[in-house]
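In: after the sequence you'll find the predicted model.
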Amino acid sequence: MPMTMTTALSLFLLVIFVAISTLTFLVVSYFSRTTETRRLNSLENAPVANRRAPPLLRAARAWLGSLSATLAKLSVPKETWESSPLRIRFMNAGLRNTSAPLMYFATKTFLTFVIPGLPAIYLASGQLQLEGQTILLLLLGLSAVGYYTPNLVLAHLISRRRRELFENFPDALDLMRICVEAGLGLDAAIARVSDELRMNSEALYDELHLVGMELRAGASRERALHNLSLRMGLEDAEALVAMLVQAERFGTSVADSLRVHADALRQKRRFRAEEAAAKVPVKLLFPLIFCMLPAFLVVLLGPAFISIYRVLFTTFSGQ
């Protein structure tokens, strides 16, 4: 039996309501968590975090994993994951979980079919009459939006993490310089600084902690530092690695090199803050013109226009 117009419209509105409600709940739940709450959750005891999940939850996780694997096969690149540039972007975003790529490609496939599927249900109701080419272009455009939306989310995560690393990197270099001047080696200084910065920047702690783990595993210092710059994705980190490698190779003072590099990064951070402050008047110009100025004009000129209208109406009605 063909779907009636009322049934298709009701189904479309129900799907839109569920999607918006879920998205609103997720956004509110994420932003309602304060920084202190996220830090305390990351410092929970291991026995509590590793507590066995209920059987129903484990079954749901297994079903979701199998579904994600099936969907990911439709959008996963043909090249190997180890040599893919996308792997470096995941490292820059701090997504090191083995299931992150699977969920990423599964989300791309899911949104590619779901976003154009919702307008297709509305078009099937027959309320909106469009030509075949217009419908095809609309569905293709919505499919492209769904396919590239995870790319935008990943780029946002990378940008936010790079900003956090850039803002805390000079402080880490200062602490590292103090540890080196106090007599600690560079490896021990990196381990000590990572522990000190854990409550301030979780991202920088993860990077420095990985460097310490690589050094304890037997990797060379040059290789470990090169991996650090690759994971951070910052030009300043690459310059620091090159500076430390040259200092170790030629026997120059590591503390002096760290001091010079920290001063340069602190100055660069100040310049970026001044640049952002200088952009504020320009960014406020458009909200003032299109939002606040009309309201001011209505408040200031509204009574005058009403008085003029009353005077003119009385004059012309009297004649």
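Out: Arrived safely, thanks for sending.
In: any stretches of the chain with poor pLDDT?
Out: In the predicted model of the chain, residues 1-9, 12, 26-83, 122-132, 318-319 satisfy pLDDT under 70.
In: hmm, 90 instead?
Out: Applying pLDDT under 90 to the chain picks out residues 1-151, 153-154, 157, 162-273, 276-319.
In: for the longest helix along it, packing partners?
Out: Secondary structure of the chain read by DSSP state H shows that its longest helix is helix 132-181. Helices and strands touching helix 132-181, by 3 or more CB pairs under 8 Å, 6 or more residues apart in numbering; DSSP states H and E, are helix 85-92, helix 100-124, helix 186-196, helix 202-216, helix 235-250, helix 254-287. In short, each C-beta sits where N, CA and C put it, glycine included.
In: list the buried residues of the fourth one.
Out: Neighbour counts using 16 or more other CB atoms under 10 Å place 202-212, 214-215 of helix 202-216 among the buried residues.
In: go on, the shortest one?
Out: Along helix 85-92, these residues count as buried under the neighbour rule (16+ other CB under 10 Å): 86, 89-92.
In: same deal with the last one?
Out: Buried residues in helix 254-287, defined by neighbour count with 16+ other CB under 10 Å: 254-255, 257-259, 261-262, 265, 269.
In: what's near enough to touch the nearest residue to residue 174 once chain neighbours are set aside?
Out: Nearest non-adjacent residue to residue 174, counting by CB to CB, 6 or more residues apart in numbering: residue 262, 5.2 Å away. By CB atoms under 8 Å, 6 or more residues apart in numbering, residue 262 lies in contact with 170, 173-174, 177.
In: redo that, cut-off 10 Å
Out: 169-177, 240 (CB atoms under 10 Å, 6 or more residues apart in numbering).
In: now tabulate the residues you listed in a markdown table and tack on distance to residue 222 and neighbour count.
Out: Formatted as a markdown table, the contacts of residue 262 follow (distance: CB to CB, whole Å; neighbours: other CB atoms under 10 Å):
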| residue | distance to residue 222 | neighbour count |
| --- | --- | --- |
| 169 | 19 | 24 |
| 170 | 23 | 20 |
| 171 | 24 | 19 |
| 172 | 19 | 25 |
| 173 | 18 | 23 |
| 174 | 23 | 17 |
| 175 | 22 | 18 |
| 176 | 17 | 25 |
| 177 | 20 | 21 |
| 240 | 13 | 25 |
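In: adding distance to residue 301, write the helices and strands packed on helix 132-181 out as a markdown table.
Out: Putting the helices and strands packed on helix 132-181 into a markdown table (distance: least, CB to CB, whole Å) gives the following:
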| stretch | distance to residue 301 |
| --- | --- |
| helix 85-92 | 53 |
| helix 100-124 | 43 |
| helix 186-196 | 60 |
| helix 202-216 | 52 |
| helix 235-250 | 53 |
| helix 254-287 | 20 |
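In: out of the ones you listed, the one nearest residue 22 is which?
Out: Distance to residue 22, taken as CB to CB, is lowest for helix 100-124 among these, at 12.3 Å.
In: buried residues in the closest one?
Out: Within helix 100-124, the residues scored as buried using 16+ other CB under 10 Å are 101-112, 115-116, 121-124.
In: likewise stretch 292-307?
Out: Using 16+ other CB under 10 Å as the test for burial, stretch 292-307 gives no buried residues.
In: can you check stretch 191-202 too?
Out: So for stretch 191-202, counting by 16+ other CB under 10 Å, buried means 191-194, 196-198, 201-202.
In: now the contacts of residue 262 in TSV, with distance to residue 148?
Out: Shown next, in TSV, are the contacts of residue 262 (distance: CB to CB, whole Å):
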residue	distance to residue 148
169	31
170	35
171	36
172	35
173	37
174	40
175	40
176	40
177	43
240	34
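In: for residue 274, state which of the buried residues of stretch 191-202 is nearest.
Out: Among the buried residues of stretch 191-202, and counting by CB to CB, the member closest to residue 274 is residue 201, at 22.4 Å.
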